[in-house]
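Colleague: Can you look at this prediction? I've put the sequence above it.
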Amino acid sequence: MLIGAMFSMLTAGQTPAPLPFLSPVFGDHMVMQRDRPNTFWGWAAPGTSVRVTIGGHSGAGVADAAGKWSARVSPPAVGGPYKVEIDGSQHVELNDVLVGDVWVCSGQSNMEMGIGLVNNAAAEIAAANHPDIRLYTVPHATSYDPIPVNGGTWAQCSPATVSAGGWSGFSAVAYFFGRELNQRLKVPIGLVHTSWGGTIAEAWTSREALIPMKDFDGGLAQIDAAKNAKVTPYAQLVDEWFAKNDPGTSANWQSADFDDSSWKTAGAKTDFDSIGLGKFDGLVWYRREIEIPEGTKTDGATLSLGKIDDIDYTWVNGRSVGSIANWAADRNYAIPAGVLHPGKNVIAVRVMDTGGGGGLYSPASDLFLKLADGSQIPLGENWRYNVAGELAKFAQFPQDVSNNPNVPTVLYNGMIAPLVPLAIKGAIWYQGESNADRGKQYQRLLPTMIGDWRKRFGQGDFPFLIVQLANFMDPPKEPSDEAWAYLREAQTMTADHVRNAGLAVTIDIGDQVDIHPKNKQEVGLRLALQALRVAYGQNVVASGPTFRSVKSEGDAIRVTFNHTDGGLVAKGGKVEGFAIAGADGKFHWATGEIIGNSVLLRSPQVPQPVAVRYAWASNPSATLYNGSGLPAVPFRSDK
């Protein structure tokens with residue numbers, strides 16, 4: 001049955017919708033968590049008595065002064081189907097209810113990515129007849145404060161339901177994870193999918209948990225201001241920030257009359273790597289002069305700049321013509337009438353890079369000015385550029401807290417709080433791309449979020465399984481020190497130090513050019529292996545080799561590993577992905593020899609090695625596995 005409808009975001013000034021007798025997280029086809037009492041809840045007039053009954057078990061509660069009631073009931077035997085009856089001011093029946101294990105599945109786009117986008121999608125969808133797997137998706141919602149109700153409905157897993165809605169269907173990672181557990185455990189599996197692409201971990205964390213960290217005080221203050229209707233328009237905040245922090249703004253670098261003769265000139269490629277700014281995160285200005293012949297019609301022109309990483313602010317002859325905050329979007333800006341003219345014209349682009357690669361990175365052929373007569377003026381070369389400053393040295397960039405999922409707390413409030421205190425077995429988490437430039441902070445943030453969820457659900461240290469970021473972007477030509485490596489390290493540290501946590505390593509199944517790799521079947525399998533170990537206490541091989549120790553041996557250095565079940569294996573027959581350094585800290589590629597549960601490494605550039613790194617890059621070569629076919633976990637010894 002359908003209870004209620006989708007509940008929209010609650011922000012300052014909005015009137016909340018009436019609260020339903022029964023929260024929509026309960027419905028036909030749901031799964032109750034086995035082996036523990038389950039809490040049902042909803043709303044009624046204060047003092048109303050409510051009883052929940054299933055399979056001869058029942059529990060009762062009374063609506064409090066705010067109208068909320070809750071009742072705890074022990075589930076019957078695993079399986080079903082059962083009928084749940086709720087009696088109070090209304091009588092509600094929930095049909096086709098199963099008893100098994102319930103998993104919360106959350107994160108950003110790689111968790112949200114639907115089954116319709118994976119390898120062999122058509123065959124996977126056609127085979128998705130699993131009546132003992134049940135699917136529930138939480139609608140996108142942001143809120144300044146925790147909301148009691150969102151929306152969603154439960155459904156049996158079938159080709160029709162698994163391919164419906166969402167981003168090309170139900171979460172592929174969640175589905176393949178649930179399918180593996182269902183096949184191995186022979187119990188019903190409920191998958192509660194709550195994710196939002198491109199979002200940051202602090203958005204999924206409560207205010208109370210973030211306050212002690214101090215890192216997010218600025219964002220929390222903006223939320224407070226918005227709630228109190230004392231918010232400055234976001235565009236004004238951005239203008240004020242640039243005026244204070246960007247030397248190009250104060251010196252009018254966008255002006256056609258500005259003298260840029262002292263700036264450097266880029267070649268055919270204008271991305272940050274190509275102009276020597278590969279690891280730079282901050283502001284860089286580009287300028288380009290063009291000549292339009294006399295007699296040319298200049299109105300009706302379109303400026304195409306390809307993709308710009310991450311945010312661009314673009315002017316023509318000092319007139320703003322557009323801005324896009326999406327590194328993957330093509331920039332095609334219509335030039336207002338009267339802006340262009342025959343003779344010299346100047347295009348200026350201020351690029352803000354917030355992490356990873358940056359700059360104008362499309363092929364030169366994608367950059368041009370198209371005139372009304374269809375002719376084009378190429379813009380792929382001869383751009384001048386100048387660095388305005390690093391983001392780390394500026395004040396925090398303002399956040400648009402209005403309907404923005406990338407603001408601290410708002411997704412916890414809108415998409416996790418409505419689920420609390422649903423009885424669950426555990427959670428799986430695929431996120432980190434949007435925090436990749438803050439790996440050190442993530443070492444504290446992810447454990448904080450996990451502890452926050454555990455406290456809110458009130459079911460102890462439930463299993464929490466993390467997908468480590470897959471390989472992505474260009475492989476390094478030389479040993480590198482890239483942001484994604486530090487984020488992966490934070491994920492490893494969390495799995496190692498947080499109780500009942502596990503790590504699914506995907507360093508070998510990513511995609512160089514697509515941040516959304518399509519092999520989600522293997523991701524689900526590796527998560528399921530960790531679940532069998534952490535949540536179900538099974539003696540399974542769930543991890544590839546992990547770093548144990550390092551020992552210098554003259555001109556070589558030996559790395560010893562744990563979890564070498566079946567022995568160490570070099571895929572393709574060659575050990576790759578290792579770099580070693582001497583006392584100078586300069587890393588060089590190393591050759592390796594597998595000896596038992598260790599790898600002996602050497603490099604002619606490092607006569608006395610003291611440190612080792614493995615798979616330490618955004619997209620490393622990573623050929624080390626154990627005999628069970630699981631990849632070694634990236635690591636460094638030089639912490």
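Modeller: In hand now; what should we look at?

Colleague: does Gln538 really touch Leu532, like I thought?
Modeller: Yes - using Cβ atoms under 8 Å, Gln538 is in contact with Leu532, at 4.3 Å. C-beta: built from backbone N, CA, C; applies to glycine.

Colleague: and those two? which has more neighbours close in?
Modeller: Ranked by neighbour count (other Cβ atoms under 10 Å), Gln538 and Leu532 place Leu532 first, with 20 against 13.

Colleague: Just checking the distance from the one helix or strand that one maps to to the centre of its chain.
Modeller: In this assignment (DSSP states H and E), Leu532 forms part of helix 520-534. Relative to its chain's centre, helix 520-534 lies at 18 Å (Cα atoms, centre = their mean, to the nearest Å).

Colleague: helices or strands next to the next helix or strand after it in the packing?
Modeller: Moving toward the C-terminus from helix 520-534, the next helix or strand (DSSP H and E) is strand 546-553. Where contact means 3 or more Cβ pairs under 8 Å, 6 or more residues apart in numbering; DSSP states H and E, strand 546-553 is packed against strand 556-562, strand 611-614.

Colleague: just to confirm, which helix or strand has the spatially closest residue to Ala66 that is not a sequence neighbour in it?
Modeller: Distance criterion Cβ to Cβ, 6 or more residues apart in numbering; nearest residue to Ala66, sequence neighbours excluded, is Pro46 at 7.5 Å. Under DSSP H and E, no helix or strand contains Pro46.

Colleague: just the one 4 residues further on next, same as before
Modeller: When elements are defined using DSSP H and E, Val50 is found to belong to strand 49-54.

Colleague: With Val25 instead?
Modeller: Following DSSP H and E, there is no helix or strand that holds Val25.

Colleague: For it, list the residues it contacts.
Modeller: With contacts defined as Cβ atoms under 8 Å, 6 or more residues apart in numbering, the neighbours of Val25 are Tyr136, Gly152, Val192, Pro418, Leu419, Leu422.

Colleague: Among those, which one sits closest to Tyr430?
Modeller: Val192 (14.5 Å; Cβ to Cβ).

Colleague: Show the contacting residues for the closest one.
Modeller: Val25, Val102, Trp103, Val104, Cys105, Tyr136, Val138, Leu419, Leu422, Ile424.

Colleague: can you tell me which of these are in strands?
Modeller: Using DSSP state E, Val102, Trp103, Val104, Cys105, Tyr136 are the members of those that sit in strands.

Colleague: give me the beta-bridge partners of the last one?
Modeller: To tie it back to what came earlier, the one meant is Tyr136. Trp154, Val192 (DSSP bridges).

Colleague: any idea how far Gly627 is from it?
Modeller: 38 Å (Cβ to Cβ, to the nearest Å).

Colleague: Please say which of those two ends up with more neighbours.
Modeller: Just comparing Tyr136 and Gly627: by other Cβ under 10 Å the higher neighbour count belongs to Tyr136, 26 against 12.

Colleague: Can you tell me how far the more buried one is from Thr298?
Modeller: Taken as Cβ to Cβ, the span from Tyr136 to Thr298 is 56 Å.

Colleague: cool, Val569 as well?
Modeller: Distance from Val569 to Thr298, by Cβ to Cβ: 64 Å.

Colleague: Of these two, give the one with the bigger neighbour count.
Modeller: For the pair Val569 and Thr298, the greater number of neighbours falls to Val569 (21 against 17), based on other Cβ under 10 Å.

Colleague: per-residue pLDDT, the more buried one?
Modeller: We have a pLDDT of 98 for Val569.

Colleague: how many neighbours does Asp481 have?
Modeller: If we define neighbours as other Cβ under 10 Å, then Asp481 has 13 of them.

Colleague: got the contact list for it?
Modeller: Per Cβ under 8 Å, 6+ apart, neighbours of Asp481: Lys279, Trp616.

Colleague: cool, and the one 3 residues further on?
Modeller: With contacts defined as Cβ under 8 Å, 6+ apart, the neighbours of Trp484 are Gly356, Ala436, Leu469, Phe472, Met473, Ala617, Ser618.

Colleague: Could you export those as CSV, including neighbour count?
Modeller: Compiled in CSV, the contacts of Trp484 are given as follows (neighbours: other Cβ atoms under 10 Å):
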residue, neighbour count
Gly356, 22
Ala436, 22
Leu469, 25
Phe472, 19
Met473, 18
Ala617, 25
Ser618, 23
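
Colleague: From these, which land in helices?
Modeller: If you go by DSSP state H, the contacts of Trp484 have nothing in helices.

Colleague: and of those, the nearest to Val84?
Modeller: Leu469 (40.0 Å).

Colleague: counting contacts, what elements does the helix ranked longest in the chain pack onto?
Modeller: Ordering each helix of the chain by length in residues (DSSP H) puts helix 439-457 first. In terms of contacts (3+ Cβ pairs under 8 Å, 6+ apart), helix 439-457 is packed against helix 207-210, strand 464-467, helix 483-497.

Colleague: Name the strands paired with the second one and say parallel or antiparallel.
Modeller: Note on strand 464-467: by DSSP bridges, its sheet partners are strand 426-430 (parallel), strand 501-504 (parallel).

Colleague: Give me whichever of the ones you listed is most buried.
Modeller: Among the strands paired with strand 464-467, strand 426-430 has the highest mean neighbour count (mean count of other Cβ atoms under 10 Å), at a mean of 26.

Colleague: can you state the direction angle for it and helix 483-497?
Modeller: Per axes from the mean of the first three to the mean of the last three Cα atoms, to 10 degrees, the angle that strand 426-430 makes with helix 483-497 is 170 degrees.

Colleague: how is this structure carved up into domains?
Modeller: Following the assignment in automatic domain parsing, the chain carries domains at 31-212+406-534, 246-393, 546-636.

Colleague: start to end distance for the second one?
Modeller: Counting by Cα to Cα, to the nearest Å, the length from the leading to the trailing residue of domain 246-393 is 11 Å.

Colleague: Show me how far that domain is from its chain's centre.
Modeller: Per Cα atoms, centre = their mean, the centroid offset for domain 246-393 relative to its chain is 29 Å.

Colleague: now the shortest one
Modeller: Relative to the centre of its chain, domain 546-636 is centred 29 Å away, using Cα atoms, centre = their mean.

Colleague: Can you measure across it, start residue to end residue?
Modeller: Across domain 546-636, first to last residue, Cα to Cα, it's 11 Å.

Colleague: Also the first one?
Modeller: Using Cα to Cα, the span of domain 31-212+406-534 from its first residue to its last is 21 Å.

Colleague: Give the residue farthest from the middle of this structure.
Modeller: Within the chain, the residue lying farthest from the chain centre (Cα atoms, centre = their mean) is Gly295, at 51.3 Å.

Colleague: got a list of what it touches?
Modeller: Neighbouring residues of Gly295 by Cβ under 8 Å, 6+ apart: Pro342.

Colleague: Could you tell me how many residues sit around the residue lying closest to Val523 once chain neighbours are set aside?
Modeller: Leaving aside its chain neighbours, Val523 sits nearest to Val173 (5.2 Å; criterion: Cβ to Cβ, 6+ apart). Here the count is done by other Cβ under 10 Å, and Val173 has 28 residues near it.
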